[in-house]
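K.L.:
Predicted coordinates and the sequence they were generated for:
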Amino acid sequence: MSNMVHKFNVNAKQKLDNPERRKLLPPEETLRKLGLAEGDILADIGCGIGYFTLPAARMVGTSGKVYAIDVIPEMLAEVQGKIKSNDLTNVEVIQGQENDFLLEDKTVKYALVSLVVHEAEDPFAFFREIRRILKISGRVFIIEWTKKQGLMGPPIEHRLDNKAVAEALLECGFNIVQQFDLNSEMYAIIAERKD
């Protein structure tokens, strides 16, 4: 996996939620594909402005919990505002480091990593940290840009081949459960913590 890292520009954060993206990546439907249900505990890693955080919080309900984790304070401030205005009590906002999510071992059942892996400096360290916070047989749901010239998203040289991502996951202690094209621009990989 190359280390051509493409970091998201925080000034472009309105790109993270728009009608086009909602059509391509409908949040509730996408979370259902992960199997998210009431009472679940989810880490939204690289949560950005809370595109998935809020729908996930509603889906897991008061008996569940969502950890909204990001490295960028401006993003988290925006999530915090949305949590307040939506009266959500089951979301914890965490300013983590890229390979330290500041959670105990085996805390979450699911980790959602949407359009974030291509920004990781060290995908292997990143995947090992995800594995650490997952409960036994917990699952990670990775969404990435398909490695082709797209209508949106980063340039092709910053995109990751799905086979390379799957191989890295295997190397970091996961089993691949499912791989599929999520839409015309993105693919998904569901992987389970192997013990």
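P.N.:
It's in.

K.L.:
and the helix ranked longest in the chain, which residues are buried?
P.N.:
Longest helix in the chain by number of residues (criterion: DSSP state H): helix 73-85. Going by neighbour count (16 or more other CB atoms under 10 Å), the buried part of helix 73-85 is M75, L76, E78, V79, K82, I83. To be clear about C-beta, it is placed using only N, CA and C from the backbone, and glycine gets the same treatment.

K.L.:
for stretch 115-132, same thing?
P.N.:
Buried residues in stretch 115-132 (16+ other CB under 10 Å): 115-120, 123, 126-127, 129-132.

K.L.:
looking at this, A56 is in a strand?
P.N.:
No - secondary structure of A56 (DSSP: H, G, I helix; E, B strand; the rest coil): helix, not part of a strand.

K.L.:
Can you name the residues that contact it?
P.N.:
A56 is in contact with P27, L31, L36, L42, D44, V66, L112, counting by CB atoms under 8 Å, 6 or more residues apart in numbering.

K.L.:
taking these one by one, which sit in helices?
P.N.:
P27, L31.

K.L.:
What about the contacts of A56, which are in strands?
P.N.:
Of those, the ones assigned to strands by DSSP state E are L42, D44, V66, L112.

K.L.:
Test my guess that E121 contacts E98.
P.N.:
Yes - between E121 and E98 there is a contact under CB atoms under 8 Å: 6.3 Å.

K.L.:
where along the protein do the helices fall?
P.N.:
Using DSSP H, helices in the chain cover 19-24, 27-34, 53-60, 73-85, 123-133, 162-171.
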